[in-house]
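Asks: A structural model of the following input is requested.
(2 chains)
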Amino acid sequence: MKPVLMAEFETTDELFAGIKVLTAAGVTRLDAFTPYPVDGLQELLGVPRSYLRWIVLAAGLLGGGAAYFLQWWINVVDYPLDIGGRPYHSALAFVPITFEMTVLSAGFAALISALALGGLPRLWQPVFEVDGFERATIDRFWLAVASGDREVDRSRDTLALQNAGALRVVWLGGGA
Amino acid sequence: MTDGDDPVIVGNPSDTALSDQLLSHTWQPLSRGWKLAFAITGAGTLMLLYMITLTVLRGIGMWGNNIPTAWAFGIINFVWWIGIGHAGTFISAILLVLEQQHIRTSINRFTEGMTLFAVVQAGMFPLLHLGRPWFAYWLFPYPSVMDMWPQVRSALPWDAAAVSTYLLVSIMFWYLGLIPDLAGVRDRAPTLRRRRVYGVFALGWSGSVQQWRHYKIAYLTLAGLATPLVVSVHSIVSLDFAESALPGWHSTIFPPFFVAGAIFSGFALVVTLIVPARRVFKLYNVITPRHLDMMGKLMLVTSSIIAYSYICELFLAWWSGNRYEMFEQLHERPFGFYAVGFWIMISCNCLITQLLWSRRIRRSAVALFIIAAFVNVGMWLERFEIIVVSLTRDFLPSSWHQYMPTYVDICILAGTLCFFGLLFLTFLRLVPFVPVAELKELKREEEHA
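Replies: Residues are numbered from 1 along each chain as shown, chains lettered A, B, ... in the order given. All right, here's what the predicted structure looks like:
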């Protein structure tokens, strides 16, 4: 995201207060940066629950299905080998590899989609330019409003955020 | 005082203090002890490379393996190392899924690292044991010019699939968990060079709600995926044995017996690694007696499962009425050529662990460390008993043959210990070894509870 307004908070309670003030004023394009996942923050910002698990499910089923198909095709179609008259299509013997490939594909899907949906990997993003933002991974909580939000008002919001407990309010690129 | 009252983080440090304490070891000057340990394990690793070269150049005859003992040190060490990995995934994945963060969070990164490095050691053995390791890729299905495919109804390709999946999923789980802490080092390290290097590995993490919301689900999902993996990998390893008709191997209790043994040996190695690291890096405030107590209890539980399995093995051998099974289990193991190993195994895995009933011993780092060392030895001997004693005494006395390891066998085992140590020391230096972000989250939850 490209931010227009950023505010630094010392505690999550103050961050929550800051978010409430801006939401009450009609600001919608909000994001928050925290050192660890904070309970309740996602709900407060109205961010829906991640749909990542459905991607993982699909990838797992696909990987497992492909593994089963490959084993069947190897054993029955392309390279049938008679071993003591045992059936070529022995479903029970195909279970371990099918299971392992299900887990492997689902695992790759989980990692890759967690990164891709979070906009990673990237070496730089605009928020890194803000002084003091490096503490967002250590002990500070940052609130950001993306550029293009029509409801932000420079003087009103600065005051409101400071009243909510912001240590610092930063306007980028001129602001609204 | 009950365990519930005990703090998991002592002294209520601030987020800043916690981050500085747990991240700074990646940029502070190297200590002399670390350098010394690195030199020793590095030398051992060079020896390992030399011994591997010897094995590959001159052939598998450098090992003590013979017919009938075709599986010996190679497979013992493989099973031992891969088993050790399991406790890491157990602690980091299963305890997360069961929402036991208060005992998991300070130690899970150690155990994940241990898992990875143990699987690396384990993976070497089956490859070398092939005799012609350059053909190892034959285990994987690929359209070959020979028009041949792996035999997927045999346990060996299952093993290849299970071990490689385990390694890859462990790496993914570990790395995903590391990203927020790598970003922490990027933002806290004093020099530009370090910031750049860690910045690349942190992949541009900023901790926005958009990132966390997918991250949390992905992390939990990966833990959920790794959970059945813990059970499956060693079950599949045990099927390599149980699928055969050999007395002492051909048994249906093998999968659960192997899984319990794996987790037991892994806990022992976790203790062996964490107790010194806790002392050297002064982690007393985040790895508390409560964590030690938990590991002691888990060792006691798994030790009891192991003792029960030993009794089951003996009972089933007698109950089967099969003279070969009875000879193997009731005569050869307790009274045969390798009987000393059997009794040391029983002492280490079943008797010494009884000390863990005492709360004082569970909470003493030194006592726990010593007990864990015995368990490491005992669990290695268990695999020796299963593999060597069964193979040297199969059905026909005419095919009996004793087994003795050669110096190459022993040096390779010692070499993998050193290589493991080398990887672990590197990990202690380069990576935030206590998950700081998770610890801060846990601290907030405890404060708001």
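Asks: burial of the nearest residue in space to B:Arg393 that is not next to it in sequence, as a residue count?
Replies: Excluding its sequence neighbours, the residue lying closest to B:Arg393 (C-beta to C-beta, 6 or more residues apart in numbering or on different chains) is B:Glu332, at 4.9 Å. Every C-beta, even on glycine, is put in place using the N, C-alpha and C of the backbone. Counted with other C-beta atoms under 10 Å in any protein chain shown, residues neighbouring B:Glu332 total 22.
Asks: please apply the same query to B:Ile370.
Replies: Neighbours of B:Ile370 under the rule other C-beta under 10 Å: 17.
Asks: with B:Trp212 as the reference, measure out to it.
Replies: The gap separating B:Ile370 from B:Trp212 is 42 Å, by C-beta to C-beta, to the nearest Å.
Asks: shouldn't B:Leu439 be in contact with B:Thr105?
Replies: Yes. If you go by C-beta atoms under 8 Å, B:Leu439 and B:Thr105 touch, sitting 5.5 Å apart.
Asks: the two: who's more crowded?
Replies: Under the criterion of other C-beta under 10 Å, the comparison of B:Leu439 against B:Thr105 puts B:Thr105 first, with 26 against 23.
Asks: let's see stretch A:129-136 as CSV, backbone CA atoms only.
Replies: Extracted in CSV, the C-alpha atoms of stretch A:129-136 (Å, rounded to 0.1, in the frame of the first residue of the first chain):
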residue,chain,number,x,y,z
GLU,A,129,10.6,5.2,4.3
VAL,A,130,8.9,6.5,7.4
ASP,A,131,11.2,7.4,10.3
GLY,A,132,10.9,5.0,13.2
PHE,A,133,8.8,2.5,11.2
GLU,A,134,11.6,-0.1,11.9
ARG,A,135,10.1,-0.5,15.4
ALA,A,136,6.9,-1.9,13.9
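Asks: next, the buried residues of that stretch.
Replies: Buried residues in stretch A:129-136, counted by 16 or more other C-beta atoms under 10 Å in any protein chain shown: A:Val130, A:Phe133, A:Glu134, A:Arg135, A:Ala136.
Asks: and stretch B:396-408, by the same measure?
Replies: Residues of stretch B:396-408 classed as buried by neighbour count (16+ other C-beta under 10 Å): B:Tyr403, B:Pro405, B:Val408.
Asks: quick one: contacts of that stretch?
Replies: With contacts defined as C-beta atoms under 8 Å, 6 or more residues apart in numbering or on different chains, stretch B:396-408 is touched by B:51, B:54-55, B:62-69, B:72-73, B:337, B:388, B:391-394.
Asks: 7 Å instead, please
Replies: Stretch B:396-408 has contacts (C-beta atoms under 7 Å, 6 or more residues apart in numbering or on different chains) with B:51, B:54-55, B:62-64, B:66, B:68-69, B:72-73, B:337, B:388, B:392-393.
Asks: quick one: terminal-to-terminal distance for it?
Replies: This stretch, stretch B:396-408, spans 30 Å end to end (C-alpha to C-alpha, to the nearest Å).
Asks: hmm, back to that, buried ones only from the contacts of stretch B:396-408, please, as a PyMOL command.
Replies: To isolate the buried members of the contacts of stretch B:396-408 in PyMOL, using 16+ other C-beta under 10 Å:
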select buried, chain B and resi 51+55+62+63+64+68+69+72+73+388+392+393
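Asks: out of the contacts of stretch B:396-408, who's nearest chain A?
Replies: Nearest to chain A out of these is B:Pro68 (C-beta to the nearest C-beta; 22.5 Å).
Asks: per-residue pLDDT, B:Val145?
Replies: Per-residue pLDDT puts B:Val145 at 90.
Asks: what's the neighbour count on it?
Replies: Counted with other C-beta under 10 Å, B:Val145 comes out at 5.
Asks: where does it land in three-state SS?
Replies: Here B:Val145 is recorded as coil under DSSP: H, G, I helix; E, B strand; the rest coil.
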